[in-house]
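Visitor: Predicted model and sequence follow; I will ask about them next.
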Amino acid sequence: MKSWTRRRAMRQGGLLLGGGLLHGVPATRLLAMQQKAGMAMPMPSGDQVRRRQAKTIDAMKLASFVDPLPLPQVMKAEGKRSSTMLEAVDAPYYRVRIREVEHRMHRDLPPAKQWSYGDGPGPVLFEAKRDEGVLVEWVNELPPKHFLPLDSPMHGMESLKDAPETRTVTHLHGARVPSISDGYPEDWFGPGKSKLCYYPNHQDATGLWIHDHAMGVSRLNIFAGLMGWYLLRDENEANLGLPAGKYELPLLIYDRSFDPHGQLYYPNPPDEGAWAQEYLGDAMVVNGKVRPYTQVEARKYRLRVANTANSRFFSLALSNGQSFQVIGSDQGLLAAPVMMKRLVLAPAERTDLIVDFSQARGERVNLISDALDLMQFRVSNERVVDNSVVPTMLRPLPRIDEASAVRRREMTLNEFDGDNGEPMVMLLNRKHWIDPVTEFVKLDSTEIWSFVNLTQDVHPIHLHMVHFQILDRQSFSTYDYLSDDTLRFTGPVLAPAAHELGWKDVVQCPPETVTRIIVPFHGYAGRYLWHCHILEHEANDMMRPYVITA
């Protein structure tokens, strides 16, 4: 997989603008190709592209492993309620206050201003049971002023100029929910208001996560701290004998930067260009602490890991070279464990790992991402009795037959560049969010979606409300596609890796590659969306609505 952390100056899919030839292509032909890959975009004003020297501390110099890992704050229901509008009857009711708080993210830093769904320094955690729906009232108690720098609204979204800076709406990522409770970006609400959502939980046990999804500010709100866990349980999982209780560790991993005062720093506008193409911080954070540590016994642990970073991909491994077992992905358990030593996790992806620390008694083992330390496990030297097991078969997981698909769609991932070659906007199917809906799917039908990636980035594409299976990937000639819409494949068909064979809701789409997924649209009719989960891409218009019809 090509490096995702740097944009390339030369992009096969992002063509240079202006007259002349490109690889012998006449200017008239070039213009037609530009309209397919990336249209000419007006250059921003001098004020919009002014350079601003980043003033941040070097977080890599902060002492590692000096703060204990915070455990998530388990949310407690406040009795039961019903809602006729949401068709909820006698459901556990949660009231979540969304507030501005201050927490110390490292021993040597002052308390940093953040936003939170809870009270402590770590994320919140909801635990729910399959088929037992819950009601959550999300209450916006944020101040009127955002503490991070906001953008001017995108073209077509001028109405957001009058929207509250601290608007929010919560999305339960990976959940099969009615549209009214999905956290649609335009369903935001401002300070002093609230929104009641119903989550039916009609799906298998899995690790979902909650995060903000408000139009125009979601990347900033998530950066500020609006994220958390939602673990869904069922009897099948409970009967497997997997590590549980204190031997199950939910971990949210992400990156941040700090200004000289120890406060969160987001480069907006960025040092270069009109908008931040990706965000990469130098402080690796787990559950709200920079490079924390935790004490573990010499036995098996279950690590529930979610990549909640804005843009960073994590290449997860253990510093002692030890293997781990992957038992689940975005949408629950795999059919069987997969032994691995390294796993690449894209933004919004989750993985479910079993690590046997009995192989490292008395050692200090770091969770790493290439050369970066994420956190440290301090393994006790004492021998303990471990009655947990990892079955060789976890659950039946049949593959969907391609013949069941009633429709096949070809969806392009596009980058639109300006005169200077810098990306100005990212689109799906060359469409903006405000353009009319083009994807209408029938409830309970199955479709195959092919993501044709014309860019030089790996895009983690997420579909709301549904789960899907990855079919395959195959490289193609972007030049030929941009010339005449011909898909000329340049490499073999690649099956998904063993750890990708489960149910997914995020798929990594490599550059110059067609990635195919098969999607059963079971659940609910209504309006939903699909988008790139690199939050800077989503915000700069790589997000589209789709509609499920009854």
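Guide: Done, it's in. Numbers count the residues shown, from 1 in each chain.
Visitor: How about the residue nearest the centre of the chain: what's its closest non-neighbour residue?
Guide: When Cα atoms, centre = their mean is applied to the chain, the residue found nearest the centroid is Ala348 (2.0 Å). Leaving aside its sequence neighbours, Ala348 sits nearest to His533 (Cβ to Cβ, 6 or more residues apart in numbering; 3.9 Å). C-beta coordinates here come from the backbone N, C-alpha and C atoms, glycine included.
Visitor: Provide the backbone phi and psi angles at that neighbour.
Guide: Here is the backbone geometry of His533 (degrees, to the nearest 10): phi -100, psi 10.
Visitor: so where's the stretch 301-450 of the chain uncertain?
Guide: The stretch 301-450 of the chain contains residues with pLDDT under 70 at 418-423.
Visitor: all strands for it, in order.
Guide: Assigned by DSSP state E, counting those that start in this stretch, the strands in the stretch 301-450 of the chain fall at 314-318, 324-329, 332-340, 343-345, 350-356, 364-369, 372-383, 407-417, 423-428, 440-442, 446-453.
Visitor: gap between the two ends of stretch 390-402?
Guide: 31 Å (Cα to Cα, to the nearest Å).
Visitor: quick one, domains of this protein?
Guide: 27-37+399-549, 59-234, 245-383 (automatic domain parsing).
Visitor: gap between the residue nearest to the centre of the chain and Pro92?
Guide: Per Cβ to Cβ, to the nearest Å, Ala348 is found 26 Å from Pro92.
Visitor: repeat for His432
Guide: 40 Å.
Visitor: which one of these two has more residues nearby?
Guide: Using other Cβ atoms under 10 Å, the more surrounded residue of His432 and Pro92 is Pro92, with 19 against 16.
Visitor: circling back: let me see the contact set for the residue nearest to Ala348.
Guide: Contacts here follow Cβ atoms under 8 Å, 6 or more residues apart in numbering; on that basis His533 touches 346-348, 460-462, 506.
Visitor: mind listing what Arg544 touches?
Guide: 428-429, 431, 433, 437-439, 529-531.
Visitor: on that earlier part again, contacting residues for the residue nearest to the centre of the chain?
Guide: Ala348 touches 173, 209, 306-308, 460, 462, 506, 533, counting by Cβ under 8 Å, 6+ apart.
Visitor: my read: Val452 touches Phe476, true?
Guide: Yes - in terms of Cβ atoms under 8 Å, Val452 counts as a neighbour of Phe476; the distance is 7.4 Å.
Visitor: Pick out whichever of these two has more residues nearby.
Guide: Higher neighbour count among Val452 and Phe476: Val452, with 22 against 19, using other Cβ under 10 Å.
Visitor: so where does Arg527 fall, helix or strand?
Guide: strand 526-532 (DSSP states H and E).
Visitor: Describe which strands that strand pairs with in its sheet and in which direction.
Guide: Strand partners for strand 526-532, identified by DSSP bridges, are recorded as strand 459-463 (antiparallel), strand 543-549 (antiparallel).
Visitor: okay, those strands in JSON lines with mean pLDDT next?
Guide: As requested, the strands paired with strand 526-532 are exported to JSON lines (pLDDT from 0 to 100):
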{"stretch": "strand 459-463", "mean pLDDT": "98"}
{"stretch": "strand 543-549", "mean pLDDT": "98"}
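Visitor: Which secondary structure state is assigned to Met60?
Guide: Of the three states, Met60 takes helix under DSSP: H, G, I helix; E, B strand; the rest coil.
Visitor: thinking again about what came up before, any chance of the domains of the chain in JSON lines, plus distance to Thr392?
Guide: Compiled in JSON lines, those are given as follows (distance: least, Cβ to Cβ, whole Å):
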{"stretch": "domain 27-37+399-549", "distance to Thr392": "14"}
{"stretch": "domain 59-234", "distance to Thr392": "19"}
{"stretch": "domain 245-383", "distance to Thr392": "6"}
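Visitor: nearest to Val390, of those domains?
Guide: Smallest distance to Val390 across the domains of the chain (Cβ to Cβ): 5.3 Å, for domain 245-383.
Visitor: Would you mind measuring the gap between the ends of the closest one?
Guide: Domain 245-383: ends 19 Å apart by Cα to Cα.
Visitor: what residues are up against Lys80?
Guide: The neighbourhood of Lys80, defined by Cβ under 8 Å, 6+ apart, consists of 90-93.
Visitor: Tell me the one of the residues you listed nearest Arg342?
Guide: Closest to Arg342, out of all of the contacts of Lys80 and judged by Cβ to Cβ, is Pro92, at 39.3 Å.
Visitor: Comparing the strands paired with strand 526-532, which stretch has the densest surroundings?
Guide: When you average the neighbours per residue for each of the strands paired with strand 526-532 (mean count of other Cβ atoms under 10 Å), strand 459-463 leads with a mean of 24.
Visitor: one step back: now, which of the contacts of Arg544 sits nearest Ser369?
Guide: Using Cβ to Cβ, His531 comes nearest to Ser369 of the contacts of Arg544, at 24.1 Å.
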